[in-house]
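1. need the 3D shape of this:
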Amino acid sequence: MCVLLLAFSGVAQGLTATDLAVIINLSDPLSAAIGSYYVDVRHIPAANVLRVRFDPNRDDLPEAQFAAVRKALEPQIRPGVQGIALTWARPYRVGCMSITSAFAFGFERSFCASGCNLTRLNPYYDSPVTRPYDQLHIRPTMAIAAVDFEQAKALINRAVQADQLFPRGTAYFVSTDDRARNVRSPEYPLAARVINKRIGVEIVHGAAIRDRPDVLFYFTGSMAVPDLATNRFVPGAIADHLTSFGGMLTDSSQMSSLRWLEAGAAGSYGTVVEPCAFPAKFPDVRVVTTRYLTGETLLEAYWKSVLMPGQGVFVGDPLTAPFRP
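-> Residues are numbered from 1 along each chain as shown. Here you go, the predicted model:
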């Protein structure tokens, strides 16, 4: 009962377009196109649009170059800005950190892991914080990532369509036979109890779901997820698969997190370097679902759900807010 009261007793205020900085890489025509479209559709203030130049044809932005880029950007970011949207899929990491965590925290090796080790904790995790930069001096970051402009445009349009829609849908928590990647399954029953008064919930035992018309949340543990194209994701859906390299967006030996966005989800998450199977390095399904359902944006709900986000990249439209009144 206490968890239910915490989860649904109030309505989150949520971040808005004026709280978000959008960073465009002018050396990347796709980034420029995505950024221009997003700024227009989401009505991002001109003062919040920042432009940089670096090589887009690599997966890893070198630490020294990232430091120079971030140093040049910092004076340009208005004090009121609380979060950041990147407009590219490459590069997706900075050394041993994801690029979204590097922009959020600055490059810091305590957020990395060499081998199977835990990392520095996220102070934003499951917190009541509403102004992350003002209160914690971090700017949670998400990449509006795609391999072509049409995919990015479709993602953004779906996210805008979802806003304040209060879509009807079902949360699918899939428990697979992949023992190494199914480590979140013990979280599923509590998450289901917390949210089943608001939406439908199914805990599914098997490799995947198929032919479902109402996917709002889809969480699983697997190297790759079959039958994605048979399902319909409702506007604003969140989905991810716990595996080692889902965050290697453009060259993964496993399924890239971008496949979720291409299938219709508004947001996803994956790790960019080997995290080992620590559940704390992946979204806590109870936290992300309850916070999203109480009106927080995708950026807030997803970032608050990962206790150790240093190795993970967040992708999607950060301002998606289907449950904000």
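
2. average pLDDT for stretch 117-130?
-> What stretch 117-130 shows for mean pLDDT is 97.

3. give the buried residues for that stretch.
-> By 16 or more other C-beta atoms under 10 Å, the buried positions in stretch 117-130 come out as 119, 122, 124-126, 129. C-betas here are computed from N, CA, C, even on glycine.

4. turn those into TSV, including distance to Pro45 and secondary structure.
-> As requested, these are arranged in TSV below (distance: C-beta to C-beta, whole Å; DSSP: H, G, I helix; E, B strand; the rest coil):
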residue	distance to Pro45	secondary structure
Thr119	34	coil
Asn122	27	coil
Tyr124	24	coil
Tyr125	29	coil
Asp126	30	coil
Val129	23	coil
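
5. any chance of those residues in JSON lines, with distance to Asp163 too?
-> JSON lines is the format used below for the buried residues of stretch 117-130 (distance: C-beta to C-beta, whole Å):
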{"residue": "Thr119", "distance to Asp163": "33"}
{"residue": "Asn122", "distance to Asp163": "26"}
{"residue": "Tyr124", "distance to Asp163": "23"}
{"residue": "Tyr125", "distance to Asp163": "25"}
{"residue": "Asp126", "distance to Asp163": "24"}
{"residue": "Val129", "distance to Asp163": "22"}
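
6. what's the helix or strand containing Ala72 in contact with?
-> Ala72 is part of helix 63-73, with elements assigned from DSSP states H and E. Counting by C-beta atoms under 8 Å, 6 or more residues apart in numbering, helix 63-73 makes contact with 23, 50, 52, 54, 61, 94-95, 99, 102-103, 106-107, all of which sit outside it.

7. neighbours around the residue nearest to Leu165 when sequence neighbours are not counted, how many?
-> Of all residues beyond its chain neighbours, the one nearest Leu165 is Pro322 (4.9 Å), with distances taken as C-beta to C-beta, 6 or more residues apart in numbering. A count of nearby residues for Pro322, using other C-beta atoms under 10 Å, gives 25.

8. which residues touch Pro322?
-> When contacts are counted by C-beta under 8 Å, 6+ apart, Pro322 touches 162-167, 235-236, 292.

9. if you rank those residues by neighbours, which is first?
-> Ranked by neighbour count (other C-beta under 10 Å), the contacts of Pro322 have Tyr292 at the top, with 29 neighbours.

10. show me what whichever strand or helix holds it is in contact with.
-> Here Tyr292 sits within helix 285-293, counting by DSSP H and E. Contacts made with helix 285-293 from outside it, assessed by C-beta under 8 Å, 6+ apart, are listed as 3, 6-8, 12, 125-126, 171, 173, 184, 187-188, 190-191, 194-195, 198-199, 217, 219, 238, 298, 300-302, 304-305, 322-323.
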